[in-house]
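> mind looking at a prediction? Sequence and model below.
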Amino acid sequence: MVPILRRDFVNLLLRNSPRLCKSRVPFSTSLDKKPTINPTVYDFLYHSHNFSPEAAAEAASVINRIKSRKTSDLLFSFLEKNDFSSSHLERIVKYNPSFLSADLEKSVKPKIKIFQELGLSNNDIADLLAGNASIFYRSTDKSLIPALSLLRGLLGSDASVGKLLMKSGRFLINDLEKCMVPNIEFLKSRGVPMEQIIAGMHSFSRFLLQKPENVRRSAERAEEFGARAGSRLYIHAVRVIASMSDEVWERKLQAFRGLGFSDADIVSGFSKYPPAFAVSVKKMEAVKSVVLSLGKYDMASVVAYPLCFCCSIENRFRPRMQVLAALEDKMLIKKRPSLATLCSIPDVYFYERFVRPYLDEVGHLFVAKGV
């Protein structure tokens with residue numbers, strides 16, 4: 001009688017919850033077809049392990065049954081004792097609902113252990129695995145341990161490896177011997193120092209984990225556009241092109257031409273400021289509009305310094321241009337700084353040069369961080 005009442009209660013709850021009706025349910029074949037909710041699974045997740053109604057319903061709509069409630073309860077209880085929150089568990093189950101049947105002793109505990117031995121806190125481990133749940137499906141001995149050993153050899157310490165993984169767990173999902181290692185060797189052959197490559201591992205992991213043939217092809221394209229092997233900006237030039245398909249890259253070039261850049265300007269700008277070419281076309285157009293709006297800078301200034309496209313309109317352009325406009329109105333400065341100077345100098349230097357001497361006039365217009 002109790003299971004029947006529980007089932008009826010769950011079905012009633014699901015029928016009358018507008019939020020649950022809007023839940024995104026994976027593997028649905030029809031927008032109009034309501035998913036069938038397994039009441040046993042829902043009860044286990046919602047009542048026993050504090051899943052939200054939405055997360056419990058979504059999982060219960062794709063799992064036919066729990067093979068062993070006791071086994072699943074031991075699994076979840078172990079993770080909860082190791083600081084996995086309900087939110088962590090929801091994300092893991094959302095990635096693959098069959099995780100409810102994961103082998104605690106053979107699959108889960110060994111992975112938790114190697115990350116603990118690496119020096120990560122339980123909360124860090126929970127964040128790492130919830131954000132990269134596919135790690136649970138990698139072999140501990142054949143995949144994870146070799147990857148950690150390789151990273152330790154590159155970075156020098158467990159602490160450095162842990163710091164890297166907290167920025168990107170992708171290094172444990174990809175086959176490093178097939179992607180990262182060949183990419184590192186190629187970049188070194190083009191004069192990129194190891195220190196810069198390691199910095200890139202932290203800042204743009206996706207690039208170093210791409211297929212080696214894509215990185216090499218992107219390097220060839222970057223060199224066609226003026227990137228010089230061995231230069232400080234070379235890795236950034238290759239990375240920018242590698243982040244786009246050929247079609248997107250061509251559209252980006254057309255956007256620069258539409259803004260007034262000649263082909264020579266594009267080659268010059270890319271060789272000097274490759275990060276500018278990673279900015280969206282919408283952002284480029286918005287920056288151009290703001291820069292030209294007051295008539296103090298022309299398009300030639302933008303062409304000469306395309307890195308201005310990378311600057312924040314609200315946090316850099318508007319407050320600085322308001323200060324300069326006020327100083328000009330009061331005839332306190334005779335000449336504006338170049339667009340390159342306006343964009344590149346840190347807040348503290350802008351403050352010291354253009355705000356501090358005129359606090360009464362413009363102090364209310366600008367707040368510098370670190371001053």
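Yep, that arrived.

> helix, strand or coil: sort out the nearest residue to residue 316 once chain neighbours are set aside for me.
The shortest distance from residue 316 to any non-neighbouring residue, by Cβ to Cβ, 6 or more residues apart in numbering, is to residue 343 (6.8 Å). The way it works is simple: take the backbone N, C-alpha and C, and place the C-beta from them, glycine included. Following DSSP: H, G, I helix; E, B strand; the rest coil, residue 343 is assigned to helix.

> can you give me the offset of the helix or strand residue 71 falls within from its chain's centre?
Using DSSP states H and E, residue 71 sits within helix 69-81. Centroid displacement of helix 69-81 relative to its chain, using Cα atoms, centre = their mean, to the nearest Å, is 31 Å.

> for this protein, name the helix or strand with the lowest mean pLDDT.
helix 18-21 (a mean of 36; mean pLDDT, DSSP states H and E).

> can you get me a residue count around the residue nearest to residue 316?
19 (other Cβ atoms under 10 Å).

> tell me the confidence at it?
At residue 343, the model reports a pLDDT of 95.

> residues contacting residue 65?
Neighbouring residues of residue 65 by Cβ atoms under 8 Å, 6 or more residues apart in numbering: 38, 40, 41.

> no wait, residue 38
60, 61, 63, 64, 65.

> from the residues you listed, which land in strands?
For the contacts of residue 38, not one is inside strands, with DSSP state E as the criterion.

> pLDDT (mean, whole number) over the helix or strand hosting residue 248?
According to DSSP H and E, residue 248 maps onto helix 246-258. Mean per-residue pLDDT for helix 246-258: 95.

> dump it to PDB, restricted to CA.
C-alpha atoms of helix 246-258 as PDB (Å, rounded to 0.1, in the frame of the first residue of the first chain):
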ATOM      1  CA  ASP A 246      37.800  28.400 -42.200                       C
ATOM      2  CA  GLU A 247      34.400  29.900 -42.900                       C
ATOM      3  CA  VAL A 248      34.400  31.900 -39.600                       C
ATOM      4  CA  TRP A 249      37.900  33.200 -40.300                       C
ATOM      5  CA  GLU A 250      36.900  34.400 -43.700                       C
ATOM      6  CA  ARG A 251      33.800  36.100 -42.200                       C
ATOM      7  CA  LYS A 252      36.100  37.800 -39.700                       C
ATOM      8  CA  LEU A 253      38.400  39.100 -42.500                       C
ATOM      9  CA  GLN A 254      35.300  40.400 -44.300                       C
ATOM     10  CA  ALA A 255      34.200  42.200 -41.100                       C
ATOM     11  CA  PHE A 256      37.600  43.900 -40.800                       C
ATOM     12  CA  ARG A 257      37.400  45.000 -44.400                       C
ATOM     13  CA  GLY A 258      33.900  46.300 -43.800                       C
END
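
> ok, and for it, which residues are buried?
Residues of helix 246-258 classed as buried: 249, 252, 253, 255, 256 (neighbour count, 16 or more other Cβ atoms under 10 Å).

> and if you look at stretch 111-118?
111, 112, 114, 115, 118.

> and stretch 193-209, by the same measure?
Under 16+ other Cβ under 10 Å, the buried positions of stretch 193-209 are 197, 198, 200, 201, 204, 205, 207, 208, 209.

> over to stretch 358-366?
Applying 16+ other Cβ under 10 Å to stretch 358-366 flags 358, 362, 365, 366 as buried.

> any chance you could list what contacts it?
With Cβ under 8 Å, 6+ apart, stretch 358-366 has contacts from 319, 320, 322, 323, 326, 327, 330, 332, 350, 351, 354, 355.

> from what I can see the last one touches residue 324, true?
The one in question is residue 355. No: counting by Cβ atoms under 8 Å, residue 355 stays clear of residue 324, with 10.4 Å between them.
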